[in-house]
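Student: Here's my sequence, what's the structure:
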Amino acid sequence: MRGYLLGTLVLLKFCICSDVVNFDSDIKDFVVGNSKLYVITDHRLHQMRHDLYEEKRKDITEHNRVNILVPFDLNSTLITCGTLNNGYCEVLDINDITNSIYYESYILIGPRQDEKSVAFITGTSSNRYLLVGKKDDDAKPQDTSYSVVSLWNTLQSQAGGIFSRIAEGSDAMIQSTVRDVEFVDGFQRVSPSESYLFLNTKTDSERKVLVLWMDSSKEKKREIIRSLQAATIRCCSDKARPVLVSCTVIPSVNGVIWAGVFSAQNQQDPENSALALYDISNVKGRVKGFCAIGEKPCGSESGTELQPLSVVFKYSSMSAVAAVRSGSWIVLFIGTSDGQLIKLVLDEKFTPGCPTVLFKSDDERAVFPRMHLDPVNFKYIYTALKKQVRRVSVVSCAEYITLKDCRAALDPLCGWCVNIQRCSTQDECSDTSWVSIPKNSLQTRLFSFQIAENSSRKVTLHLSLSLKSTGNPAFSCIFTKGSVNLCDGSDPPAVLPNCSCSFPDQILYTGGLKVSATVTIEDQKITEMLTLRNCSGIKDNSPNSYTKCVQCVSSGCHWSSSSKRCDWTHGRGPQLHIQDACKDLLYEVKPAILSLEPNKVSFHGRNNVLLRGRNLESVTKIRIQGDLDCIPKESPVFDRSSDTLRFHIPPSGTKGTVKVCVVTPDDRCHGNSIITYSSQPSCTGIQPTVSWSSGGRKIHVQGSNLELVESVTVLPSNKVLKTQYNTSSGDVWFHSHPYDGRGQFSLLLNVQNSAVDCVDYFLYKPDPEFTEFTTLQLANDLQVNIQKRADMLNLSMSEVTVMGLQGKQQYQCVLEKIESNAIICKIKGELGAVPAVDSLNVSMFLIFSCIDYGKDNLKD
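Tutor: You can find the predicted model right below:
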């Protein structure tokens, strides 16, 4: 379907019949046919079964590079093209690639250079063509239009013969006035017969993603080319992501739903790439610079731009996507540049479930932009990672031991098979009941309930499970208060997924009745604790009734938005979500996050993180969730005001970014700030390595990730000193503590509840001792020479300040040189000569006592 040229490799060896095939150099391309898989390398073409067992191999000559690899299953052939002899194409037996059916030289169909291209079979049952999209490698500098899409014959019986692109007197080509194009993907839709191509374009002013559409039901190539329609695809509203990385069509009965991975080309951005869904059923209009050959002017902007139906996933570096449909569910498979294969489930409203990692490479090799699902049963997906092809199972039903666990996975491909008593796919569960998740499972809990009061002074509890089943498995419910059965036996038999329990209304108390609900499906039991309340007795004195509504809905009662009252329900029905039923009562202004300090932490976490924002009074907790975390972490808040609060960031098992939001009482999350978990800091050195005994010397610590350091501990004195981070230099510094003695001290960098050793040591030496000074008149300036006892402090210019005093007049003495036994500075005479000074103040940096000297002697 696509013809990516993804590198070069030489195959020397690989394991036989395994879910992993390793090569000795990079894979260039691979495709999956109805019964075989084909892998192309620099020197060989490999024919493999779907279980990756190699059946045949065909050597490729040294100076050849295969750039087209397309299975033609309906014709039982495999089309390959390459660069040998200025281009060639060969038709091989699809079941035996060593059997060459046809060979033609001096024809260049694929790209000459190492460029991406797209190639697939298109047309009708009576006329099949090879559609190729590629950059024009043969363009000259003076050219103003370029050939980008061509239609080639696939059979000798077609007009012009096999591998001819002649169509009714001219070439069957689409041309472009844009030189820089990159084809990403393409596919042929069967009913109706239509072809789609997706590409990136780049000009001096902008990048764009385009879709080209053609009516491939036309019999003649020229008619197909002339049916060209096109549109620009935009992603996304939060930021521009103008480069398409990978895409896939999602099987649909009505319309054409398409998914694309778009990149902002900034790998440092944790949301650099986005996966978005589009309806491309009706591509109408044209884009500037793309037209059928000979058309003038070549394309003009018309029609509307395509905008996403939904952006379902964001990540720093997505590199590939594939999709399968299961009923109303869509299951997406996402490859990443750090070697992960992720599974993401979408419901019929394109709401994403929790992403799960199916596979992660040890050395973070990128997943190639194209992945193929097993065409037989869609239980496996084939991926390529640099030198490796993998066959990865897309279902892991067997790891869920109970029905409850199987349902909690929220995987539409898995369900509970009653007869074999395990979680399985539906095709593994024949002639028996298969219990699975219904289409609204992402928005509903397993247990939902409502309570109704009837005229006979009884209350009826209606329980519904978020499950569906083929067949009629045995199903029952038991409701108990303590060890006593709550129900009076008057209810009809339970039928999955519903059951009910009636009991006298006097049992209900305003404070709430704790009920244990146990449901049994064949041999599987699931128990949940429910809190029931007297619906008409739920009262609250809050001015906006929000708290009352929350309590009402969570108790299975009915909230009247018009009367602002809680009442009994009127029979069985879906339990409303608090967010939906009570949203109009939350009058407070929504909280907002303005900043987090710090926003980079060690994977050990961080205490006392400061969050600045607006309207934070109603915040109950902080929610922290990574892109691949199914269960978010939550942290309580403290020191809260309307615009600030503090919280602790919990540890993380992995590096990377997480999203932070603030939670209000209705469990809604507000804001979307980023915190980055990184490696522990490291210490590579200390400067200076000597402090004077009075303390207060600025000690710099060099290393990496030092912004994570909260303080340092000086050993063996165990003094804990605060640190400051220098954003420009990347180091941290602290002021040495006073110490009247000698010896060697080491440092620990404190990060949350851990400490990192520093490789360097530092010493204490006596304070510097200044003995006398002399002056020398130099024109209008006065040079001051200060004598000091030789020491090992290596004072720097930034650590010393000298002021000259003449009576009450002060003069700044500008430092010129600091030596082991002397300091030389100069008082500038800007308004005439400077008279001799009476005394000097020599101040060490951040030493608050000054040392004064008389003209030739030490002053006390």
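Student: So for stretch 343-362, mean pLDDT?
Tutor: Averaged across stretch 343-362, pLDDT comes to 91.
Student: Export that stretch to PDB, keeping only CA atoms.
Tutor: Taking Å, rounded to 0.1, in the frame of the first residue of the first chain, the C-alpha atoms of stretch 343-362 are listed here in PDB:
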ATOM      1  CA  LYS A 343      -3.000   0.200  22.200                       C
ATOM      2  CA  LEU A 344      -5.700   2.800  22.600                       C
ATOM      3  CA  VAL A 345      -9.500   2.100  22.500                       C
ATOM      4  CA  LEU A 346     -12.100   4.600  21.300                       C
ATOM      5  CA  ASP A 347     -15.800   4.400  21.800                       C
ATOM      6  CA  GLU A 348     -18.400   5.500  19.200                       C
ATOM      7  CA  LYS A 349     -18.000   9.100  20.300                       C
ATOM      8  CA  PHE A 350     -14.200   8.800  19.800                       C
ATOM      9  CA  THR A 351     -13.700   9.000  23.600                       C
ATOM     10  CA  PRO A 352     -10.300   7.400  24.300                       C
ATOM     11  CA  GLY A 353      -9.800   4.800  27.000                       C
ATOM     12  CA  CYS A 354      -6.700   4.100  28.900                       C
ATOM     13  CA  PRO A 355      -3.600   3.600  26.700                       C
ATOM     14  CA  THR A 356      -1.700   0.300  27.300                       C
ATOM     15  CA  VAL A 357       1.800  -0.600  26.200                       C
ATOM     16  CA  LEU A 358       1.900  -3.900  24.200                       C
ATOM     17  CA  PHE A 359       5.600  -3.800  23.600                       C
ATOM     18  CA  LYS A 360       8.700  -1.600  24.400                       C
ATOM     19  CA  SER A 361      12.100  -2.100  22.800                       C
ATOM     20  CA  ASP A 362      15.100  -2.400  25.000                       C
END
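Student: Can you tell me the closest non-neighbouring residue to residue 270?
Tutor: residue 657 (3.6 Å; CB to CB, 6 or more residues apart in numbering). Quick note: C-beta positions are derived from backbone N, CA and C, even for glycine.
Student: Can you verify the one you found is assigned to a helix?
Tutor: No: secondary structure assignment (DSSP: H, G, I helix; E, B strand; the rest coil) places residue 657 in strand, not in a helix.
Student: my guess is it contacts residue 672, does it?
Tutor: No: counting by CB atoms under 8 Å, residue 657 sits too far from residue 672 to count as a contact (11.5 Å).
Student: Comparing the two, which residue is more hemmed in?
Tutor: It is residue 657, of residue 657 and residue 672, that has more neighbours when counted by other CB atoms under 10 Å, with 19 against 11.
Student: what are the bridge partners for the more buried one, then?
Tutor: Using DSSP bridges, the beta-bridge partners of residue 657 come out as residue 676.
Student: for it, what are its contacts?
Tutor: Remark: with contacts taken as CB atoms under 8 Å, 6 or more residues apart in numbering, residue 657 is in contact with 270, 316, 626, 627, 674, 675, 676, 677.
Student: what does residue 243 give?
Tutor: The neighbourhood of residue 243, defined by CB under 8 Å, 6+ apart, consists of 200, 207, 209, 262, 263, 264, 265.
Student: Tally up the residues packed near the first one, please.
Tutor: The local packing of residue 200 (other CB under 10 Å) involves 19 other residues.
Student: and it, how far is that from residue 308?
Tutor: As defined by CB to CB, to the nearest Å, residue 200 lies at a distance of 17 Å from residue 308.
Student: Mind exporting the C-alpha coordinates of the longest helix anywhere in the chain to CSV?
Tutor: Among the elements of the chain assigned as helix by DSSP state H, the one spanning the most residues is helix 546-554. Presented in CSV, the C-alpha positions along helix 546-554 are these (Å, rounded to 0.1, in the frame of the first residue of the first chain):
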residue,chain,number,x,y,z
TYR,A,546,-24.5,21.8,44.6
THR,A,547,-23.5,19.7,47.5
LYS,A,548,-27.1,18.5,47.8
CYS,A,549,-27.2,17.5,44.2
VAL,A,550,-24.0,15.6,44.4
GLN,A,551,-25.3,13.6,47.4
CYS,A,552,-28.6,13.0,45.7
VAL,A,553,-27.3,11.6,42.4
SER,A,554,-24.5,9.5,44.1
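Student: now for that helix, which elements pack on it?
Tutor: Packing partners of helix 546-554 (3 or more CB pairs under 8 Å, 6 or more residues apart in numbering; DSSP states H and E): strand 558-560, strand 565-567, helix 578-581.
Student: avg pLDDT for that helix?
Tutor: In this model, helix 546-554 has a mean pLDDT of 82.
Student: Run through the stretch 1-150 of the chain and note the low-pLDDT ranges.
Tutor: Along the stretch 1-150 of the chain, segments meeting pLDDT under 70 span 1-18.
Student: Going by neighbour count, which of the contacts of residue 657 comes out on top?
Tutor: By neighbour count, taken as other CB under 10 Å, the most surrounded of the contacts of residue 657 turns out to be residue 677 (23 neighbours).
Student: Give me the nearest residue to residue 664, chain neighbours excluded.
Tutor: Sequence neighbours aside, residue 618 is the residue nearest to residue 664 in space, at 5.1 Å (criterion: CB to CB, 6+ apart).
Student: what's the helix or strand for the one you found?
Tutor: Counting by DSSP states H and E, no helix or strand carries residue 618.
Student: How about the one 10 residues further on?
Tutor: With elements delineated by DSSP H and E, residue 628 resides in a region that no helix or strand encompasses.
Student: The residue nearest to it when sequence neighbours are not counted: neighbour count?
Tutor: Ranked by CB to CB, 6+ apart and with sequence neighbours excluded, the top spatial neighbour of residue 628 is residue 355, at 5.3 Å. Per other CB under 10 Å, the neighbour tally for residue 355 reads 20.
Student: what residues are up against residue 355?
Tutor: By CB under 8 Å, 6+ apart, the contact list for residue 355 reads 313, 334, 342, 343, 344, 627, 628, 630.
Student: packing partners for the longest strand anywhere in the chain?
Tutor: Across the chain, the strand with the greatest residue count (assigned by DSSP state E) is strand 754-765. Contacting strand 754-765 under the criterion 3+ CB pairs under 8 Å, 6+ apart are the following elements: strand 682-687, strand 690-692, strand 698-704, strand 744-751.
Student: if I look at the most centrally placed residue in the chain, how far off is residue 627?
Tutor: Nearest to the centroid of the C-alpha atoms of the chain, with distances taken as CA atoms, centre = their mean, sits residue 315, at 1.8 Å. Taking CB to CB as the measure, residue 315 falls 5 Å from residue 627.
Student: Thanks a lot, see you next time.
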